[in-house]
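In: Just a sequence and a predicted model for now, questions to come.
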Amino acid sequence: MTDLLDERVSSSDLFQPVGTATDDVATRLLAALLGAQELLAVYAGDRLGWYRALAHDGPVTSAGLARATGTHERYAREWLEHQAVAGFVTTDDDAADAGERRYALTPGAVEVLTDHDSASYLGPLARLQVASGRAVDELLDAYRTGGGVPWSRLGADARESQAAVNRPFFLGPFVDDVVPAVPRLHALLGSGARVADVGCGEGWSSIAMARAFPDVAVVGLDVDEPSVAAGRRHAAAHGLEHRVTFRAGDAADAADAGAFDVVTAFECVHDMPDPVGVLAAARRMVRDDGFVLVMDERTQERFTAPAGPVERLFYGYSLGVCLPDGMSQPGSVGTGTVMRPDVLDGYARAAGFAGVEVLDVENEFFRFYRLVL
């Protein structure tokens, strides 16, 4: 094992298709082990405020970090040393006494782990992985029985992780780049559209549209009540509570026939136990000359194995989060994260749309669809 770690394992090993030889598989698993350990340490640094304190006060000693965060010095020291050997932080003098050594975040780590406005802010992803790991016994039971693990069971870690990671995208590239690339949508929002944002989560997509287009009014719909409550807080913090409102409930039960100019569904259709029912509700809600936008994962258009890191990421989230969430309701269609364009097209047609149009919008992780009325 030591030889493999010292000579063959690097971070890039996680992103290469696993070979067929025993050593290839062993190397990949050891690289995954290192990544898993580092992800748990990132979770600790995020939740205990160690990263924020380093960004604000660094360079600091382990005692200084412990005082600033109300944590125990011995654990803070071990964590700092781990982060240093992992390359997330630097030290002023490796040879100094452990208690005197001062630590600082690297510039890249500051952005990725603490800058919640940056598109590179990925630190909260550790929360989602930990939430999934915490429910592992329930996941295994679901795999045996065909049951599920609902989103609500994953708790604040999962909810806050998705909201925190998507927030910079919605407040920046979505309104700045994606919307202008879709002329009809841009015109509707610019003219003061009434928008229904289905599966809005903590509401950053709703808030982004209202903030970028001052005459827009948005109703955010989500089945998760804590997400809806968070969305209301976020809207109030931005002074948008009079133009952005939130409702807790299933969009399939919405009765606002023809009441909206635009209906959106961001990264949620693949989670729905009954996507056809929800999309049928979207068809009822939108006026005949309106616009229905779906954003979902940019999966490969067809199954191909082995696949690259993005497709692997989607399958990992499907096993740990999305498929068990969708399967937690009786009668679920069990879509999972890896919803390919032809699957969405089938759902849309069954819901009363003429089909789907894949929009010409470039994004590494997301694909954008217009549901044709």
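Out: Sure thing, it's come through. Numbering: from 1, shown residues only.
In: Now do the strands in the chain.
Out: With strands called from DSSP state E, the chain shows them at 89-91, 103-105, 194-198, 217-222, 244-248, 260-266, 286-297, 355-358, 366-372.
In: Dump these to TSV, plus mean neighbour count and distance to A187.
Out: Any C-beta I mention is one placed from the backbone N, CA and C, and that applies to glycine too. As requested, the strands of the chain are arranged in TSV below (neighbours: other Cβ atoms under 10 Å; distance: least, Cβ to Cβ, whole Å):
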stretch	mean neighbour count	distance to A187
strand 89-91	19	48
strand 103-105	22	44
strand 194-198	26	13
strand 217-222	25	16
strand 244-248	20	21
strand 260-266	25	10
strand 286-297	21	9
strand 355-358	14	17
strand 366-372	20	13
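In: and those strands as CSV, adding distance to A158 and mean pLDDT?
Out: Shown next, in CSV, are those (distance: least, Cβ to Cβ, whole Å; pLDDT from 0 to 100):
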stretch, distance to A158, mean pLDDT
strand 89-91, 27, 97
strand 103-105, 26, 98
strand 194-198, 19, 97
strand 217-222, 14, 96
strand 244-248, 17, 96
strand 260-266, 16, 97
strand 286-297, 17, 97
strand 355-358, 28, 98
strand 366-372, 19, 98
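In: ok, A348 touching V358?
Out: No: between A348 and V358 there is no contact under Cβ atoms under 8 Å: 11.9 Å.
In: Tell me who's in contact with H116.
Out: H116 makes contacts with 164, 167-168, as judged by Cβ atoms under 8 Å, 6 or more residues apart in numbering.
In: for A217, that is, sorry about that
Out: 192-195, 210, 243-244.
In: at 7 Å what do you get?
Out: 194, 243 (Cβ atoms under 7 Å, 6 or more residues apart in numbering).
In: again with the one 10 residues further on
Out: With contacts defined as Cβ under 7 Å, 6+ apart, S227 is in contact with 159, 201-202.
In: For those, pick the one with the most neighbours.
Out: Using other Cβ atoms under 10 Å as the neighbour criterion, E202 leads the contacts of S227 with 27 neighbours.
In: which phi and psi does it have?
Out: Dihedral pair for E202: phi -80, psi 10, per degrees, to the nearest 10.
In: Spatially central, which residue of the chain would that be?
Out: Q162 (3.5 Å; Cα atoms, centre = their mean).
In: That one touches G201, doesn't it?
Out: Yes: with contact defined as Cβ atoms under 7 Å, Q162 and G201 form a contacting pair (6.2 Å).
In: First-to-last residue distance for stretch 203-223?
Out: Taking Cα to Cα, to the nearest Å, stretch 203-223 runs 12 Å from one end to the other.
In: Oops, could you answer that again for stretch 90-105 instead?
Out: End-to-end distance of stretch 90-105 (Cα to Cα): 6 Å.
In: Just the residues contacting that stretch, thanks.
Out: Residues contacting stretch 90-105 (Cβ under 7 Å, 6+ apart): 51, 54-55, 58-63, 77, 80, 84, 88-89, 106.
In: 8 Å instead, please
Out: In contact with stretch 90-105 (Cβ under 8 Å, 6+ apart) are residues 51, 54-55, 58-63, 65, 77, 80-81, 83-84, 88-89, 106, 113-114.
In: pLDDT wise, what is the nearest residue to T114 once chain neighbours are set aside at?
Out: Leaving aside its sequence neighbours, T114 sits nearest to A55 (Cβ to Cβ, 6 or more residues apart in numbering; 4.5 Å). Note on A55: pLDDT of 97.
In: about what we covered before: so of the contacts of H116, which ones are in helices?
Out: 164, 167-168 (DSSP state H).
In: Let me see the contact set for the closest residue to R298 other than its chain neighbours.
Out: Excluding its sequence neighbours, the residue lying closest to R298 (Cβ to Cβ, 6+ apart) is R367, at 4.3 Å. Applying Cβ under 8 Å, 6+ apart, we find R367 in contact with 295-299, 341, 358, 361.
In: can you redo those as CSV with distance to A281?
Out: Listed next are the contacts of R367 as CSV, based on distance: Cβ to Cβ, whole Å:
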residue, distance to A281
M295, 18
D296, 17
E297, 22
R298, 25
T299, 24
P341, 21
V358, 23
V361, 25
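In: Check these against P273 and report the nearest one.
Out: Within the contacts of R367, the smallest distance to P273 is 15.8 Å, found for D296 (Cβ to Cβ).
In: returning to what we had before: tell me how far the residue nearest to the centre of the chain lies from F246.
Out: Distance check for Q162 against F246: by Cβ to Cβ, to the nearest Å, it reads 16 Å.
In: what separates the helix ranked longest in the chain from the chain centre, distance-wise?
Out: Determined from DSSP H, the single longest helix within the chain is helix 22-47. In terms of Cα atoms, centre = their mean, to the nearest Å, the centre of helix 22-47 is found 20 Å from the chain centre.
In: Nothing else from me, thank you.
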